[in-house]
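Participant: Structure for the following, please:
(2 chains)
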There are 2 protein chains.
Amino acid sequence: MISKPTTPSAAPSAAPPAGSPAVPRVLAAELPQHVGRHVTLQGWLHRRRALKTATFLVLRDRSGLSQTVVTDPRTAAAVAGFPEETVLQVEGLATASTQAPGGVEVTSPTVTALSGPAAPGPFDLYRPDVPAALPTILDHAPVALRHPRLRAPHLVSAASVAGFRAALDELAFTEVHTPKVVGTATESGAEVFSVDWFGSPAYLAQSPQFFKQSMVGVFERVYETGPVFRAEPHDTARHLAQYTSLDAELGFIADHRDVMAVVRHVLAGMTASVRTRAGEACALLDVELPDVPAHIPEIHFADAQELIAAHTDEDPRGEPDLAPAHERWLSAWAVREHGSEFLFVTGYPMAKRPFYTHPQPGRPEYSNSFDLLFRGLELVTGGQRLHRHDDYLAALAARGLSPEPYEGYLAAFRHGMPPHGGFALGLERWTARLIGADNIRRTALFPRDIHRLSP
Amino acid sequence: MISKPTTPSAAPSAAPPAGSPAVPRVLAAELPQHVGRHVTLQGWLHRRRALKTATFLVLRDRSGLSQTVVTDPRTAAAVAGFPEETVLQVEGLATASTQAPGGVEVTSPTVTALSGPAAPGPFDLYRPDVPAALPTILDHAPVALRHPRLRAPHLVSAASVAGFRAALDELAFTEVHTPKVVGTATESGAEVFSVDWFGSPAYLAQSPQFFKQSMVGVFERVYETGPVFRAEPHDTARHLAQYTSLDAELGFIADHRDVMAVVRHVLAGMTASVRTRAGEACALLDVELPDVPAHIPEIHFADAQELIAAHTDEDPRGEPDLAPAHERWLSAWAVREHGSEFLFVTGYPMAKRPFYTHPQPGRPEYSNSFDLLFRGLELVTGGQRLHRHDDYLAALAARGLSPEPYEGYLAAFRHGMPPHGGFALGLERWTARLIGADNIRRTALFPRDIHRLSP
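Facilitator: Residues are numbered from 1 along each chain as shown, chains lettered A, B, ... in the order given. Now for the predicted structure:
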């Protein structure tokens, strides 16, 4: 009655079902270690080329490509019926071959189809480049993403999140999971999605901001890696309606510089993780990973404006924010002057920052906040927050906001909160910047925007 | 112009802002290593007790509790004004004391308030037990969760997710992030939340099922740890309207047993992670961590019904599902017969499983699916899925479903998909079972249900 125990291996247990390989599966990348032995390969038929005396099958699995040579006419006739992308199992002999990729190919194969014959895809997945426009790619994501070049950004992305978490785990942060549906649209009314919550109005969360701040009162240091939603009505190459926000918040800071130190540590961790976990994807995409300097240069917003006024034809002084062109200029300046692809701009004017932002002591028109510029673009926003209940009431009043919708949020501060701050980093934006993507949609598996709700 | 570089430490950089400690912060748990030295503690005033000749301040930080003794009358008068939960900084001498917790206390302190005086909380956080009903706790989550016993489940939860990811990273799974808003409510129409998507109807995703399956075609092995949404209209102790689903899916399996092997590996990883990363939280909650046997026993659904019929007063044979009482009975049986708190029940009738379920070869009324029972309750559901396009069309037709709304999903199968399967595990359910919670809401920081949208 009790069947055989399960074992943690990808190989079948005791009685293999019909069709299971007699020899355990070997990945394409492992093939060179098996020369002279019988092996089983499993993967997608990436490319089939029939020559006069032999048919070559290129099989793709998660590790890469392998080559199988069919010379037996009966087998050649059988495989002639398999379109590309059909899933195959190949059992044969791993044989050294100077012509084959990796110096080894499989000979004398038995070939079995594991799927039905595949229908033709939106474009040829075996070509080194992707001969399709972005909308075609996105419409056919489940099959288009199999192309190694379209798949690679997502390996970079996965490695980045792993690096983010590992860096914060090292600093004793606790991971949290906060609600993605909220009762009040408190951060910015215009760009929220409405949800019907059992008949009551509700909204998709634009950020875990309020939750992560209040959880500083519980765990001191928290992070979350989860979806956020912006009802962004513009159709740009830089915006998604759902993206993955990498959020962190920590208490008992002196000021925003303690937050910036954590940002640096996190960026170093993410870059290192991409290097070790997604090295092949980076090579495929010609990604040049940045050096994260031990000390990321920083410049005050006011000084940045002076610098731009002194060295360009423009005079942004008095403006409450940096224009995209100015961000690019500053980024290039940081590379020239400091050899750094990262630059912190600190002290953004309070007028442009949210009400929970902590002002700069002695210069209350500026704030203890920062943006991190990376390769010409804002990548991270963060800063010190207010932590005294009275300061919150005053900040809301100064902006003409009623404290009532913020009740749940303000409760944390009424009961004692330490000086704290944090930051948010958009995963897709980071990946897009890292790989030099022309459109952020290339870094989301199934992007969501004003025009796109499927697949 | 360029300020001092930032350094990755919680201590302030070059010029410490006013109020920064002269001596770097020490956590409560580190205090015994600093006897005889000047230290800075920072935390919440957990408890203040004024005796005739001394006032005792118990400070709480993320590592635990510490004790400070105030004998100087002026300081004693000052701290008399601080209500519990006020955030304090204490600079003083770490002094050995046989009476103090941990054998050390801080003497001759200078005490500074880092927050305003805290308002009284919903209940006394310093009492060892929580004298409040669940609704009160949930209404005041930002402050109630500071209680060590209410905080502990979330440390167990964070450690569990870390263990889940680490176990799958070991097996070369790739983390994915899938849409939480979908254009069609395909899995089950009744229990979805509606979203207004730029004026078009959309729905919150009930699971990443379709996405994770199609991503097997891209990465072979994927996992996701993210929110899912069920418009569960019942107000029970077991259901949440948003919960964190730990999902995995893998290709090139022989059958569902390969998936079960991964489940076992994951459970072992989660348990080990809880043991090492949340040991204190477990001790506080008297959690007895389960042994995950090298081989989790399994029983076929039909055999389980025979067993229940033979050994109890009930005869469930012919029923398409197990009643909760039968799950409990089987769980107890597995402990008795196999010394295992985990039991796989395999082969659930196709009638009760979703259309993508793979039937059992030779017994098509049963399926290659499983539930994992843990301590009397279903914890994991999984199995082998269909992988041939024709099988999907047939399965939908047999249930009277039109393939049209499934177009995007079916595309993956039209282009070659390997035999695959996966599973889902509710994080909150796991944590609740582990700690023996009376209500699953104790394991979500800010639970969402039919009555609760805030805080």
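
Participant: Which strand or helix spans A:Ala261?
Facilitator: Remark: A:Ala261 resides in helix A:256-277, with elements defined by DSSP states H and E.

Participant: Show me what secondary structure element comes after that helix.
Facilitator: With DSSP H and E, the next secondary element past helix A:256-277 is helix A:279-284.

Participant: Any idea how far the next helix or strand after that following helix is from the middle of the chain?
Facilitator: Per DSSP H and E, the first helix or strand lying C-terminal to helix A:279-284 is strand A:298-300. Taking the mean of its C-alpha atoms, strand A:298-300 sits 27 Å from the chain's own mean (C-alpha atoms, centre = their mean, to the nearest Å).

Participant: elements contacting strand A:298-300?
Facilitator: On a contact count with 3 or more C-beta pairs under 8 Å, 6 or more residues apart in numbering or on different chains; DSSP states H and E, strand A:298-300 meets strand A:342-346. C-beta here means a position set from N, CA and C on the backbone, and glycine is covered the same way.

Participant: Residues touching the strand it packs on, excluding its own?
Facilitator: Here strand A:342-346 makes contact (C-beta atoms under 8 Å, 6 or more residues apart in numbering or on different chains) with A:256, A:260, A:263-264, A:267, A:290, A:292-293, A:296-301, A:304, A:322, A:330-331, A:333-334, A:368-374, B:3, B:6.

Participant: What's the PyMOL syntax to select whichever of those residues are buried?
Facilitator: To isolate the buried ones among the contacts of strand A:342-346 in PyMOL, judged by 16 or more other C-beta atoms under 10 Å in any protein chain shown, type:
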select buried, (chain A and resi 256+260+263+264+267+290+292+293+296+297+298+299+300+301+304+322+330+331+333+334+368+369+370+371+372+373+374) or (chain B and resi 3+6)
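
Participant: For the residue nearest the centre of chain A, which non-adjacent residue is closest in space?
Facilitator: Central residue of chain A (C-alpha atoms, centre = their mean): A:Ser157, 3.4 Å from the mean position. If the residues on either side of it in the chain are set aside, A:Ser157 comes closest to A:Thr431, at 4.6 Å by C-beta to C-beta, 6 or more residues apart in numbering or on different chains.

Participant: The one you found against A:Pro153, yeah?
Facilitator: Yes. Counting by C-beta atoms under 8 Å, A:Pro153 is a contact partner of A:Thr431 at 5.7 Å.

Participant: what residues are shared contacts of the two?
Facilitator: With C-beta under 8 Å, 6+ apart, A:Thr431 and A:Pro153 have common neighbours A:Ala437, A:Thr443.

Participant: first to last residue in stretch A:64-79, what's the distance?
Facilitator: By C-alpha to C-alpha, to the nearest Å, the extent of stretch A:64-79 from end to end equals 21 Å.

Participant: How about the helix or strand bottoming out on mean pLDDT in chain A, which residues are buried there?
Facilitator: The weakest-scoring helix or strand in chain A, judged by mean pLDDT, DSSP states H and E, is helix A:407-414 (a mean of 92). Judged by neighbour count (16+ other C-beta under 10 Å), helix A:407-414 contains these buried residues: A:Gly408, A:Tyr409, A:Leu410, A:Ala411, A:Ala412, A:Phe413, A:Arg414.

Participant: which secondary structure elements does the helix holding A:Ala261 contact?
Facilitator: Using 3+ C-beta pairs under 8 Å, 6+ apart: helix A:256-277 touches helix A:148-170, strand A:242-251, strand A:342-346, strand A:369-374, strand A:377-385, strand A:420-426.

Participant: tilt between that helix and strand A:377-385?
Facilitator: 140 degrees (axes from the mean of the first three to the mean of the last three C-alpha atoms, to 10 degrees).

Participant: domain parsing for chain A?
Facilitator: A:28-113, A:141-443 (automatic domain parsing).

Participant: Between helix A:148-170 and whichever strand in chain A runs longest, find me the angle.
Facilitator: Counting residues, the longest strand found in chain A (DSSP state E) is strand A:38-50. Relative orientation of strand A:38-50 versus helix A:148-170 (the same axes, to 10 degrees): 140 degrees.

Participant: what's the neighbour count on A:Tyr348?
Facilitator: 25 (other C-beta atoms under 10 Å in any protein chain shown).

Participant: pretty sure it contacts A:Ser367?
Facilitator: Yes. Counting by C-beta under 8 Å, A:Tyr348 touches A:Ser367, with 5.5 Å between them.

Participant: Can you pull the residues that touch both of these two?
Facilitator: Joint contacts of A:Tyr348 and A:Ser367 (C-beta under 8 Å, 6+ apart) are A:Gly383.

Participant: Show me the shaky parts of the stretch 1-150 of chain A.
Facilitator: Residue ranges of the stretch 1-150 of chain A with pLDDT under 70: A:1-19.

Participant: I figured A:Ser194 hits A:Tyr203, correct?
Facilitator: Yes. Counting by C-beta under 8 Å, A:Ser194 sits close enough to A:Tyr203 to count as a contact (6.1 Å).

Participant: Now A:Phe326. Its backbone dihedrals?
Facilitator: Phe isn't right for residue A:326; it's His. phi -70, psi -40 (degrees, to the nearest 10).

Participant: For A:Phe173, give its distance to chain B.
Facilitator: Distance, A:Phe173 to chain B, using C-beta to the nearest C-beta, to the nearest Å: 9 Å.

Participant: can you check A:Phe229 too?
Facilitator: For A:Phe229, the distance to chain B - C-beta to the nearest C-beta - is 7 Å.
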